[in-house]
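Chemist: Quick one, fold the following:
(3 chains)
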Amino acid sequence: MIEQRNEEDLFHPVDHNRFKQNEIVRPSIGQFRETVTNILRNKLAVLGMFILVIITFFAIFGPNMVPYSYSDQNLEAKNLAPSVEHWFGTDALGRDMWARTWYGARISLTIGIAAALIDLVMGLVVGGISGYMAGRGKLGDRIDGFLMRIVEILYGIPYLLVVILLLVVMKPGLWTIILALSITGWVGMARIVRGQILQLKEQEYVTAAQKLGTSHGKIIWRHLFPNMIGIIIVNLTFTIPNAIFAESFLSFIGLGVQAPIASWGTMANDALGVILTGQWWRLFFPGFLISLTMFAFNVFGDGLQDALDPQSSD
Amino acid sequence: MERLLEVEDLHVSFKTYGGEVQAVRGVNFHVNKGEVLAIVGESGSGKSVTAKTIMGLLPKKVSRISSGVVTFEEDDLLTYSKKEMQKVKGSKISLISQDPMTSLNPTMKIGHQIDESLKLHTDLSKMERKSRVLELLTLVGIPNVEERYSQYPHELSGGMRQRVLIAVALACEPQLIIADEPTTALDVTIQAQILDLLKDLQQRLDTSILIITHDLGVVAEVAQRVAVMYAGVVVESGSVEEIFANPNHPYTWGLLGSIPKQRQDGARERLIPIEGTPPDLFSPPKGCPFAARCEYAMDICVEKMPDSTYLTTDHASKCWLNDSRAKKPKEVAMAGRSR
Amino acid sequence: MYILKRFLTMIVTIWVITTLTFIIMHSIPGDPFASDADVLPEEVVENMREKYNLDQPLPVQYLLYLKNLATLDLGPSIESKTRDVNTLIADGFPASALLGIQALVIAIVFGLILGIVAALNHNGLLDYLSMGVAIIGISVPSFILAPLLIKYFAVDWGLLPVASWGSWEHTVLPSVALATAPLAIVARFMRSSMLEVMNQDYIKTADAKGVSTIGIVIKHGIRNALIPVISFIGPLVAFLLTGTFVIEKIFAIPGIGKYFVDSIFNRDFPVILGTTIFFSAILIVTLFIVDISYRLVDPRIKLSSKGE
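Modeler: The predicted structure is shown next:
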């Protein structure tokens, strides 16, 4: 068309409407959807998510897939290598490793998630109060100072050392471990929450809301919380594997769940003596699964962090 | 006049997730010896990319110089190896960067940061270098030089840090200083001081300055010549007097309309913004990039990029309105509105 | 001034930890000799109680303990009649310290190298490789890694001794097992720190000065990237400290970590209490040193002011 027209004919005012159709309108995506798209683009994070789903599936249904329970002993079938009968082999007491491994997964995930959730609630409450009260008069500063002093002291003690001490004096059991893990575990979360609130409080939109007389509750709920949720979830994806690691560590040194309950840590400890005799399956299954779970949580957490803050990953 | 730097037909693009952005699309300009050239344009016009290309500071992995020649002292800088370029940078051409708050190494003493170029590019002894650094600090108007020498950047104000950055740039007496938005990050009062300093130093040391800015006030203050960039192209260039008194390109008209002016009677003139936004440089228009925002646009503007028209020997403009076949701007605009 | 204040906080923290541990340890009903009372004559048990001050009311016991602690006397052990807690710690310290320091050096040196290499090859093969190694290092717990190292390096290939302590060869496998996870964490931390620094404007300033790439990386990059990593040494030491519990157990190394774990099973409270205080003191002193050196390295933080 245009080639056929003479250049002379083109010296006419242009119809400005022709530009309007060419305007590129990029769809604006909400932060939530953007985050999800970003994660899905991160192949490692998707892999981590996939592994976690599978492990959770087997933690729920795995133990019931075989006709043995985690505690059934069968001295005629001890130290068997993996076979059709016993998919993951058996241990020195003839217990089925498949049942034990997935029962251990149940224990590990329960402890990890429960401890992380308690950490989250405690951290939100303490960090939230501390951060919100800071700079709010003499009383406010005093409350903040007091809470932060506690946090500082707890932060100075090695985490696992405290947990060990508590487990020494408390009755061993699943809930004891969860409690011991959360008694100091919330400190990290509290620090993060407080730091976030202090930072957000400086933002103009929060100041504006305060000046307009918005209630405290509404400021916290509408302005502070939505802006902190990302970093909190990211932190959660790192506290869960930490708790799982701590549990297996404690079980490994004999302070975790007590026999006959299976846990990846106790199974690894049981396997310590026989690894040299060639019974590889005794260490491999629990060891591999702890590592895989830690791996999955870590890559998923990394992906989530990058997705929420694209700049951090460059 | 002798030409110090000449940029011809420079094309630079960046690889991004969304595709290739053509940031600079055939830029031509030159800097004479002992003169200040200002490149003006809004953000995204490619003015900073042009400056970085000259200095060889583009990120290698994502950028591509598809064509162009950058002649400096009769050599094409674009053909220089990394090593050769390192010899030029800081000694013959130096940079004053945009943000004085972040452009100094926070853990290195001020004196050492200035000394670094001297150490690299001169044979001066340690003592000589130190006295040269103190001399430079005095030159850029920093008091208590002995004390400042061993201070860290955080101990200095923004204006002082910009003075330090200027001292860094001056260290080896370069022929050309590229100043990339040197006053943007500063307070208004400090801006004036820094501009005065630059102007003064340029005259005293007889260096050339290529100043990148979006601020026409800065242009009027320091530059002798100006190149107006839009969407990766220089649309108009010429002496500052010519451009301010006799602007030719509609974009330049728009820019000049955008400076807030103090009227004689004290009332402020209304600011006239340029409507619309610059084109998408992922797929730049084949015609004049300003056409979509131009009140005087004709069909030809959309189809074909105009060539330069020389209004005087040094005043060039790329606009179809200069074509003999075009109507006078006023008539075009009237006709355009009536549609 | 800041140092003094920080020092006082340190003393207070140690006191709080001592008190808390003391309370926890004495919150269990009965005493360590309760089970002995059935088999031993009553006078013997009474004598024992007297020796450990258990006949005194709890507040008095506490004060006596603090008094002894002030003179660095951690009291007698219950399990070992001949060695008190001080001797126990003195016996175990050389092995634990050697193991810990070797692991710390391995973790920091190789972690930093890995992190720097990864950052400089951002999104390149070496980056993916280093970070792949790092993520595996974080994922595999030391108590899983250690048996594997023993199986391959000691048993199958016979390169190094299986366990026990003595020569330098004995220290290799436990140090590596202990260092792996911290190494991985340091590498990741250094990588992101380095990436952030290399994107800063002052790196461009250096480039514009004509500084060579190596010069930029060393003088401007690494120096600044290291600063946040220094603050990470505190948690790292805590990590290594607790790591010695399992590593010394697996490799049968006569260190404090092993004594500590043993004392838990023997319910040897004075030893638990003493070693806990000792561990905490080491960590707190480390944190103190790290904090001070951080302030010396980073000119932006003054020793006189309290930075957040």
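
Chemist: What residues sit buried inside the helix or strand where B:Ile194 lies?
Modeler: Assigned by DSSP states H and E, B:Ile194 belongs to helix B:188-205. For helix B:188-205, a neighbour-count test (16 or more other C-beta atoms under 10 Å in any protein chain shown) marks B:Ile190, B:Gln191, B:Gln193, B:Ile194, B:Leu195, B:Leu197, B:Leu198, B:Leu201, B:Gln202 as buried. For every residue, glycine as well, the C-beta is placed using N, CA and C.

Chemist: contacting residues around the first one?
Modeler: Contact partners of B:Ile190, counting by C-beta atoms under 8 Å, 6 or more residues apart in numbering or on different chains, are B:Gly158, B:Gly159, B:Gln162, B:Thr183.

Chemist: quick revisit: name the nearest of the buried residues of helix B:188-205 relative to B:Leu37.
Modeler: Nearest to B:Leu37 among the buried residues of helix B:188-205: B:Gln202, at 11.3 Å, using C-beta to C-beta.

Chemist: I figured that closest one hits B:Ile211, correct?
Modeler: No: in this structure, B:Gln202 is not within contact of B:Ile211 by C-beta atoms under 8 Å, at 9.7 Å.

Chemist: joint contacts of the two?
Modeler: B:Val36, B:Val222.

Chemist: helix or strand for whatever residue of the stretch 151-300 of chain B ends up closest to chain A, which one?
Modeler: Proximity of the stretch 151-300 of chain B to chain A (C-beta to the nearest C-beta) peaks at B:Ile300, 3.6 Å away. Secondary structure from DSSP H and E places B:Ile300 in helix B:299-303.

Chemist: Following element in sequence after that helix, please.
Modeler: strand B:309-310.

Chemist: now check stretch C:12-19, is it near chain A?
Modeler: Yes: if you take C-beta under 8 Å from any C-beta of the partner chain as the test, stretch C:12-19 does meet chain A, through C:Thr13, C:Val16, C:Ile17.

Chemist: Stretch B:224-231 now?
Modeler: No: against chain A, stretch B:224-231 shows no contacts by C-beta under 8 Å from any C-beta, the least distance being 13.9 Å.

Chemist: pLDDT averaged over that stretch - what is it?
Modeler: The average pLDDT within stretch B:224-231 is 90.

Chemist: contacts for that stretch?
Modeler: Looking at what lies outside stretch B:224-231 - C-beta under 8 Å, 6+ apart - the contacts are B:25, B:27, B:29, B:32, B:35-42, B:44-47, B:50, B:219, B:234-240, B:243, B:249, B:251-252, B:255, B:278-279, B:281, B:284, B:289-290, B:314.

Chemist: mind listing what's buried in that stretch?
Modeler: In stretch B:224-231, counting by 16+ other C-beta under 10 Å, buried: B:Gln224, B:Arg225, B:Val226, B:Ala227, B:Val228, B:Met229, B:Tyr230, B:Ala231.

Chemist: Check stretch A:270-280 too.
Modeler: Result for stretch A:270-280 [16+ other C-beta under 10 Å]: buried residues A:Asp270, A:Ala271, A:Leu272, A:Val274, A:Ile275, A:Gln279, A:Trp280.

Chemist: In helices only, show me those.
Modeler: Secondary structure from DSSP state H places A:Asp270, A:Ala271, A:Trp280 of the buried residues of stretch A:270-280 in helices.

Chemist: sorry, back to before: can you add distance to A:Ile231 and secondary structure and give the buried residues of stretch B:224-231 back as TSV?
Modeler: What follows is the buried residues of stretch B:224-231, written out as TSV (distance: C-beta to C-beta, whole Å; DSSP: H, G, I helix; E, B strand; the rest coil):
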residue	distance to A:Ile231	secondary structure
B:Gln224	52	coil
B:Arg225	51	strand
B:Val226	47	strand
B:Ala227	46	strand
B:Val228	45	strand
B:Met229	40	strand
B:Tyr230	41	strand
B:Ala231	39	coil
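
Chemist: Export these as a markdown table, with columns for distance to B:Asn144.
Modeler: Listed next are these as a markdown table, based on distance: C-beta to C-beta, whole Å:
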| residue | distance to B:Asn144 |
| --- | --- |
| B:Gln224 | 35 |
| B:Arg225 | 38 |
| B:Val226 | 37 |
| B:Ala227 | 40 |
| B:Val228 | 42 |
| B:Met229 | 41 |
| B:Tyr230 | 45 |
| B:Ala231 | 47 |
